[in-house]
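> need coordinates for the following:
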Amino acid sequence: MAGRIEDYALIGDMQTAALVCRDGTVDWLCLPRFDSHAIFAGLLGTEEHGFWRLGPAHAADSAPPAAARRSYRGDSLILESEWDTPRGTVRVTDFMPPREGAPQLIRIVEGVTGRVPMRSALRMRFSYGRVVPWVHKHEGRTVAVAGPDSVWFDTEAETYGKSLTTYADFTVAPGDRIAFTISWQPSHKEPPPLPEPEASLEATEDFWREWVEHCTYHGPYREAVVRSLITLKALTYAPTGGIVAAPTTSLPEDIGGVRNWDYRYTWLRDAAITLSSLLRTGYREEARAWREWLLRAVAGDPENLQIMYGIAGERELGEAELDWLPGYEASAPVRVGNGAAHQLQLDVYGEVTEALHLAHMTGLARNDYASLLQLKLIRYLEDHWQEPDEGIWEVRGPRRHFVHSKVMAWVAVDRTIKLIESGDADGPLERWKELRDDIHRDVCEKGYDKERNTFTQSYGSQELDASLLLIPQMGFLPPDDKRVIGTIEAIQRELSTPDGFILRYPTEGDSEGVDGLPGDEGAFLACSFWMADDLAMIGRVDEARKLFEKLLALRNDLGLLAEEWDPRLQRQVGNFPQAFSHVPLIDTALRLTASGAYGG
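Predicted coordinates for the structure are as follows:
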């Protein structure tokens, strides 16, 4: 059985990523890209679906021991795990070098004290655990081949095959260092070069150290901010600049339920807010690369903006179910692809325009096509902002007039007006000022409940929605407006969990709710960070800081967050690690630091 979601560590090479459990098992790895088929899919099934365990030898009828300690090496994505055993202490260093040739996952075993018996057990299964590859020796190297894929396994340790698994049994003493590497290569090509583990380790450490040096944040939450920035960098597909929402699929929002989605794609919303955090912490090159990705992805058809694309800008992300995988803790179905790609979500126009606006305001080199794109998006919104949509949460129920969608349509128009007023674009300024006023008036008349003094999830609805917390952050209304304060307090009353975290919206248990799905979900971590932001904005800074630090305490021991927190089970749920959780962590840290609202 796979570990708890928070038991996993992330390693990656900015093109794909692996999850490593506390017991030294790699349970998830897609090659060669984030969205490729997994060769280790034990995370969503059993060991029969692929894994790679490397740790102290243990009895066959006992669970593999968890590492006594683990951490990232400094500000890097190099994982170090240590086991204390009756025979001594051993360290395993796991990393994926930033890619220049074949993708590699390298694991180096190092003896610390005593003499420790070790075992590597490697079970490769292609196509998400469905295909058993042909494993054989080629010039002294072990290679697994199936269809277009080959994976090469290199080590100095002696290996043997048993039960369709490749094993290595060996002992390490102080000073011993034994490396294990897997490398992916198209099966029709020549073998990849022999790995150089020690040189690759040094180069990987140098890469991360140099990258982190560009961070301009030096406040009291620097450790949390830097770890979140490293995570966001790891979720960036280096060849194109696209940013995946998470490196996993189908980790459940509701353990045992059906709320399981594939997040290995680039959501414009997630990527846009990621860009804003990168810009505000000194990472202009990543922001520039994302803007270029965006312009390529929407080229030729910007009016039909999709809410998400493939990491190279692909438009077709057809959804399918993998019925041979039982799902994480029996949370089925396991899905690949995402049918929400062609939903209408009007808020995306606002997020993209806000990101382009921020890039412009922070001095990113002007791009004429970016300005042209912004104008095209507003012309589309002129004709469509009054339509119902599926909204920020991608409901699979009926379309509604979601208040957040209308607010973000207002943001898109407002930021474009500012672009024109700056002299960097031409457009019908007076007409669009009238449009901005019309949208604002419409929201305040139809999306506001006067009796309860709160905005609502959608026009005519009594329900609340945590996305309303973005109203003051986007400048739609000032923080001291009584309607803003009323909305914040209503969400605190009606959408808070007992421990003070925030739900996205009400769910209906076994019945279908507004999102068209049965089941419940945990507290949505981004929404909880938004609440901390809003509390700081309305002057309740001590309360904001306390909530923020409670959220920081939910991170796993490596500083990583999934999408949600289950208050009943007291554990992380949803895809992991999640960009949409780490971005607002950075934003809230910046806001609290600017306000001086921190302890110590």
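> packing partners of the host helix or strand of residue 531?
Assigned by DSSP states H and E, residue 531 belongs to helix 525-537. Contacts defined by 3 or more CB pairs under 8 Å, 6 or more residues apart in numbering; DSSP states H and E place helix 525-537 against helix 470-473, helix 482-494, helix 541-552, strand 564-566, helix 579-595. C-beta coordinates here come from the backbone N, C-alpha and C atoms, glycine included.
> just the CA atoms of it, as PDB, please.
Below are the C-alpha coordinates for helix 525-537, written out as PDB (Å, rounded to 0.1, in the frame of the first residue of the first chain):
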ATOM      1  CA  LEU A 525      -5.400  25.300   1.200                       C
ATOM      2  CA  ALA A 526      -5.300  28.200  -1.300                       C
ATOM      3  CA  CYS A 527      -8.600  29.500   0.100                       C
ATOM      4  CA  SER A 528      -7.200  29.400   3.700                       C
ATOM      5  CA  PHE A 529      -4.200  31.500   2.500                       C
ATOM      6  CA  TRP A 530      -6.600  33.900   0.900                       C
ATOM      7  CA  MET A 531      -8.400  34.300   4.200                       C
ATOM      8  CA  ALA A 532      -5.100  35.100   5.900                       C
ATOM      9  CA  ASP A 533      -4.500  37.800   3.200                       C
ATOM     10  CA  ASP A 534      -7.900  39.300   3.600                       C
ATOM     11  CA  LEU A 535      -7.600  39.400   7.400                       C
ATOM     12  CA  ALA A 536      -4.400  41.300   7.000                       C
ATOM     13  CA  MET A 537      -5.900  43.700   4.500                       C
END
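> which residues of the stretch 451-600 of the chain score low on pLDDT?
508-520, 597-600 (pLDDT under 70).
> so residue 442 sits in a helix?
Yes: per DSSP: H, G, I helix; E, B strand; the rest coil, residue 442 lies within a helix segment.
> burial of it, as a residue count?
18 (other CB atoms under 10 Å).
> what does residue 480 give?
Counted with other CB under 10 Å, residues neighbouring residue 480 total 11.
> quick one: residues contacting it.
Counting by CB atoms under 8 Å, 6 or more residues apart in numbering, residue 480 touches residue 538.
> SS state for it?
Here residue 480 takes the coil state, with states given by three-state DSSP.
> next, work out how far apart it and residue 538 are.
7 Å (CB to CB, to the nearest Å).
> which of the helices and strands packed on helix 525-537 is buried the deepest?
Highest mean neighbour count among those (mean count of other CB atoms under 10 Å): strand 564-566, with a mean of 25.
> residues contacting stretch 452-465, please?
391, 393, 400-404, 443, 446-449, 468, 471, 482-483, 486-487, 489-491, 494-495, 504-506, 514.
> what about the closest residue to residue 186 other than its chain neighbours, how many residues close to it?
Of all residues not flanking residue 186 in the chain, residue 148 sits nearest, at 6.0 Å (CB to CB, 6 or more residues apart in numbering). Residues lying near residue 148 (other CB under 10 Å) number 10.
> what of residue 210?
When neighbours are defined as other CB under 10 Å, residue 210 has 9 of them.
> what about the closest residue to residue 197 other than its chain neighbours, distance to residue 52?
Counting by CB to CB, 6+ apart, residue 197 lies nearest to residue 179, which is 3.7 Å off, once chain neighbours are set aside. Noted for residue 179: a distance of 14 Å to residue 52, by CB to CB.
> the more surrounded of these two?
Counted by other CB under 10 Å, residue 179 and residue 52 do not tie: residue 52 has more neighbours, with 27 against 20.
> helices and strands around the strand or helix carrying the residue nearest to residue 197, which ones?
In this structure, residue 179 is located in strand 177-186 according to DSSP H and E. When contacts are defined as 3+ CB pairs under 8 Å, 6+ apart, strand 177-186 sits against strand 104-114, strand 149-155, strand 165-172, helix 197-212.
> re earlier: out of the helices and strands packed on helix 525-537, nearest to residue 247?
Proximity to residue 247 (CB to CB) singles out helix 579-595 among these, at 9.8 Å.
> so which residues make contact with the closest one?
Under CB under 8 Å, 6+ apart, the answer for helix 579-595 is 217, 219-221, 224-225, 228-229, 231-232, 235, 243-246, 270, 273-274, 276-277, 280-281, 525-526, 529-530, 532-533, 536-537, 541, 544-545, 548, 551-552, 561-563, 598.
> touching, the residue nearest to residue 186 and residue 185? I think so.
No: with contact defined as CB atoms under 8 Å, residue 148 does not reach residue 185; the gap is 10.2 Å.
> for the residue nearest to residue 410 when sequence neighbours are not counted, give me its contacts.
In space, and not counting its chain neighbours, residue 410 is closest to residue 439: 4.4 Å by CB to CB, 6+ apart. By CB under 8 Å, 6+ apart, the contact set of residue 439 is 385, 406, 409-410, 413.
> which members of these are the farthest-apart pair?
Most distant of these, by CB to CB, are 406 and 413, 10.9 Å apart.
> residue 84: what secondary structure?
At residue 84 the chain is in strand, as set by three-state DSSP.
> how close does residue 361 get to residue 419?
For residue 361, the distance to residue 419 equals 10 Å [CB to CB].
> what of residue 286?
Counting by CB to CB, the gap from residue 286 to residue 419 is 22 Å.
> so which residues of the chain form helices?
126-129, 197-212, 222-234, 268-280, 284-298, 347-361, 368-384, 403-421, 429-446, 470-473, 482-494, 525-537, 541-552, 579-595 (DSSP state H).
> neighbours around the residue nearest to residue 576 when sequence neighbours are not counted, how many?
Nearest residue to residue 576 in three dimensions, chain neighbours excluded: residue 562, at 4.0 Å (CB to CB, 6+ apart). As a burial measure, residue 562 scores 27 neighbours (other CB under 10 Å).
> pretty sure residue 562 contacts residue 554?
No: in this structure, residue 562 is not within contact of residue 554 by CB under 8 Å, at 9.2 Å.
> what is in contact with those two at once?
In contact with both residue 562 and residue 554: 525, 572, using CB under 8 Å, 6+ apart.
> check which residues of stretch 120-136 are buried.
By neighbour count on 16 or more other CB atoms under 10 Å, the buried set for stretch 120-136 is 120-130, 132-133, 135.
> can you check stretch 70-85 too?
70, 72-73, 75-81, 83-85.
> and if you look at stretch 454-471?
Neighbour-count burial for stretch 454-471, counted by 16+ other CB under 10 Å, picks out 454-459, 461, 464-471.
> related to what we said a few turns ago, distance between the helix holding residue 531 and the chain's centre?
Helix 525-537 sits 19 Å away from the centroid of its parent chain (CA atoms, centre = their mean, to the nearest Å).
> got the angle for it vs helix 541-552?
For helix 525-537 against helix 541-552, the angle by axes from the mean of the first three to the mean of the last three CA atoms, to 10 degrees is 160 degrees.
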